[in-house]
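A.B. asks: Have a look; sequence and predicted model below, questions after that.
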Amino acid sequence: MAPAEKLHMTEDEYVAFERASDLKHEYANGDAWAMSGGTPEHSLIAANVVGALWGRLRGRPCRAYQSDLSVHVEETGLYAYPDATVICGSLRVHPKDGRSALNPKVIFEVLSDTSEAYDRGAKFQHYARLPDLAEYVLVAQSQRRVEHYRRLESGQWLLTAYPPGAEVELPALGIALPLDEIYAGLEGLPTEPA
């Protein structure tokens with residue numbers, strides 16, 4: 001990911017800066033950068049994911065959060081704002097800021113042209129260090145396609161790609177999300193890469 005403007009600071013400076021800021025910033029390796037605005041498609045897909053999760057998780061010990069919830073990876077120092085996060089059990093937060101979750105069970109990222117390489121690569125490598133993370137889901141916005149990574153007992157990650165019309169199985173949550181719900185309202189979106 002190539003942010004337009006990086007600000008170099010310590011983690012403590014970042015936490016104070018983020019509390020005082022009207023904008024959201026991600027942070028890694030001593031650099032903070034502002035989150036850019038998304039497209040209408042990105043916003044609708046993220047809202048659809050959170051809505052579909054919320055309906056299926058009601059009455060269960062897991063909750064879906066939208067992109068205002070920060071996630072902190074203690075081992076690597078990353079602070080990020082996933083498009084959707086599921087926490088099961090009690091929400092554990094970082095003691096330095098009290099607002100960044102430490103225990104996501106499932107993370108969703110909606111891919112964009114500017115973030116796709118980062119979300120697939122470096123960001124996933126950070127997220128993979130979260131001890132409670134069981135599943136990582138990448139949702140394309142330029143086509144109807146979802147890629148699902150599930151952590152195996154061996155620690156390896158199993159990738160499953162879901163085509164149009166399929167249901168994304170989320171074993172850690174005991175639910176499935178139909179792609180038709182994830183992409184509701186985007187009927188003109190291609191089913192194959194352009």
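C.D. replies: That came in fine, so what should we check first? Given the structure is predicted, the values throughout are model-derived calculations rather than measurements. Numbers count the residues shown, from 1 in each chain.
A.B. asks: Could I get the full set of helices for this protein?
C.D. replies: 11-20, 40-57, 116-120, 122-127, 179-182 (DSSP state H).
A.B. asks: burial measure for the residue nearest to residue 173 when sequence neighbours are not counted, as a count.
C.D. replies: Setting aside the residues directly before and after it, residue 173 is nearest to residue 62 in space (C-beta to C-beta, 6 or more residues apart in numbering), at 5.9 Å. (Each C-beta comes from the backbone N, C-alpha and C, glycine too.) By other C-beta atoms under 10 Å, 19 other residues sit near residue 62.
A.B. asks: Ok, the one 5 residues further on next?
C.D. replies: Look at residue 67: counted by other C-beta under 10 Å, it has 21 neighbours.
A.B. asks: and the gap between it and residue 187?
C.D. replies: Note on residue 67: its distance to residue 187, by C-beta to C-beta, to the nearest Å, is 24 Å.
A.B. asks: Also residue 76?
C.D. replies: Separation of residue 76 from residue 187 (C-beta to C-beta) stands at 39 Å.
A.B. asks: which of those two has more neighbours?
C.D. replies: Neighbour count, other C-beta under 10 Å: between residue 76 and residue 187, residue 76 has more, with 15 against 7.
A.B. asks: show me what contacts the residue lying closest to the more buried one once chain neighbours are set aside?
C.D. replies: Nearest-residue entry for residue 76: residue 126, 4.8 Å, with adjacent residues in sequence omitted and distances by C-beta to C-beta, 6+ apart. Residue 126 makes contacts with 28, 73, 76, 78, 80, as judged by C-beta atoms under 8 Å, 6 or more residues apart in numbering.
A.B. asks: Which among these count as buried?
C.D. replies: Burial by neighbour count, 16 or more other C-beta atoms under 10 Å: within those this picks out 28, 73, 78, 80.
A.B. asks: taking those one by one, which sit in strands?
C.D. replies: Cross-referencing these against strands under DSSP state E gives 28, 73, 78, 80.
A.B. asks: Tell me which two of the residues you listed sit farthest apart.
C.D. replies: For these, the farthest-apart pair by C-beta to C-beta is 28 and 73; their separation is 8.7 Å.
A.B. asks: List the residues that are in contact with both of these two.
C.D. replies: 80, 126.
A.B. asks: between the helices of the chain, which one is nearest to residue 110?
C.D. replies: Nearest to residue 110, of all the helices of the chain, is helix 40-57, at 5.0 Å by C-beta to C-beta.
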